[in-house]
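S.K.: Based on what follows, work out the 3D shape:
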Amino acid sequence: MVVPAPFLLSHGTTTLAFRCSHGVVVAADTRSSCGSLISDPSSRKVITLHRHLLATTSGTSADCATWLRLLRCSLRLRHLNEGQQPSVAGAAKLLAFLLRGCHSKDLCVATLLCGWDHNGPGLYYVYSDGTCLSGDVFSVGSGSPYAYGVMDGGYSYDLPHDEAFLLARQAVGHAAHRDSYSGGNVDLYHVRSSGWVCISREDLTDVYRGLGPTVEEIRDDKDHLQEETKVE
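M.R.: The predicted structure is shown next:
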């Protein structure tokens, strides 16, 4: 017997990524909500899969965590068998294939796979119905329409590092200001040829009000960025 939920638990987020000549810039807010309840204001929505591949999470937190953990294990096994990491496209197609087999299980997984392989920077959108799309700019979540509005006005493939980082921060900051389900902080990552690096975590209120680091401050600090624990 299936017991229906007593009420619908709406949820939302803002995650985004875009490709540039120097890599993939990834940003996401940190607010996890359950209906009108903010269950965690500082959750992590950018998940490391291996040294050159990140994934963003949007949808049901448990579903995203479970399927990305399964993907990480599958990629590790292929690495051990083949002696090299699968391409970003290969990882995206593998996840889409796994999800497609469970399309009737009421899953809610929407993720951006952001990485670097022999073809350079790669960006794919994968949804729980098996959808797999490649592109240069993606934003997922309830705040994505607002984020697209900012990115469409400032994005180009040849953006320098500083301007790309600033654009990603501003897009999430604007989305969080307009979308009640997005908020907390903004996590900023950069995937480049040498692997991913965590750029910053900033309060979104400061970002929107312009109190965060300026382009010049980011330029001064970019040589002192600290990488998080490596995921083999």
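S.K.: From Ser144, how far off is Val25?
M.R.: Val25 is 16 Å from Ser144, where distance means CB to CB, to the nearest Å. All C-beta spots, glycine's among them, are computed from the backbone N, C-alpha and C.
S.K.: Neighbour count: the two, which is higher?
M.R.: Val25 (29 against 23; other CB atoms under 10 Å).
S.K.: after the helix or strand where the more buried one lies comes which helix or strand?
M.R.: Assessed by DSSP states H and E, Val25 sits inside strand 23-29. Heading C-terminal from strand 23-29, the first helix or strand you meet, by DSSP H and E, is strand 32-34.
S.K.: Tell me which helix or strand comes right after that next one.
M.R.: For strand 32-34, the following helix or strand on the C-terminal side (DSSP H and E) is strand 37-40.
S.K.: What is that next one packed up against?
M.R.: On a contact count with 3 or more CB pairs under 8 Å, 6 or more residues apart in numbering; DSSP states H and E, strand 37-40 meets strand 32-34.
S.K.: starting at the chain centroid, how far to the strand it packs on?
M.R.: The chain centre lies 17 Å from the centre of strand 32-34; the measure is CA atoms, centre = their mean, to the nearest Å.
S.K.: Can you report how many residues lie near the closest residue in space to Asn119 that isn't next to it in sequence?
M.R.: Leaving aside its sequence neighbours, Asn119 sits nearest to Ser87 (CB to CB, 6 or more residues apart in numbering; 6.7 Å). By the criterion of other CB under 10 Å, Ser87 has 17 neighbours.
S.K.: what residue ranges in the protein score low on pLDDT?
M.R.: 1-11, 35-36, 211-232 (pLDDT under 70).
S.K.: Skipping its backbone neighbours, what lies nearest the residue nearest in space to the middle of it in space?
M.R.: Against the mean C-alpha coordinate of the chain, by CA atoms, centre = their mean, the closest residue is Thr56 at 2.8 Å. Nearest residue to Thr56, sequence neighbours excluded (CB to CB, 6+ apart): Thr15, at 3.9 Å.
S.K.: Wait, the one you found touches Ala27, no?
M.R.: Yes - using CB atoms under 8 Å, Thr15 is in contact with Ala27, at 7.4 Å.
S.K.: other SSEs contacting the top helix by length along the chain?
M.R.: Determined from DSSP state H, the single longest helix within the chain is helix 61-82. Judged by 3+ CB pairs under 8 Å, 6+ apart, helix 61-82 is in contact with strand 46-50, strand 53-56, helix 88-100, strand 109-117.
S.K.: chain center to the third one: distance?
M.R.: This means helix 88-100. Relative to the centre of its chain, helix 88-100 is centred 16 Å away, using CA atoms, centre = their mean.
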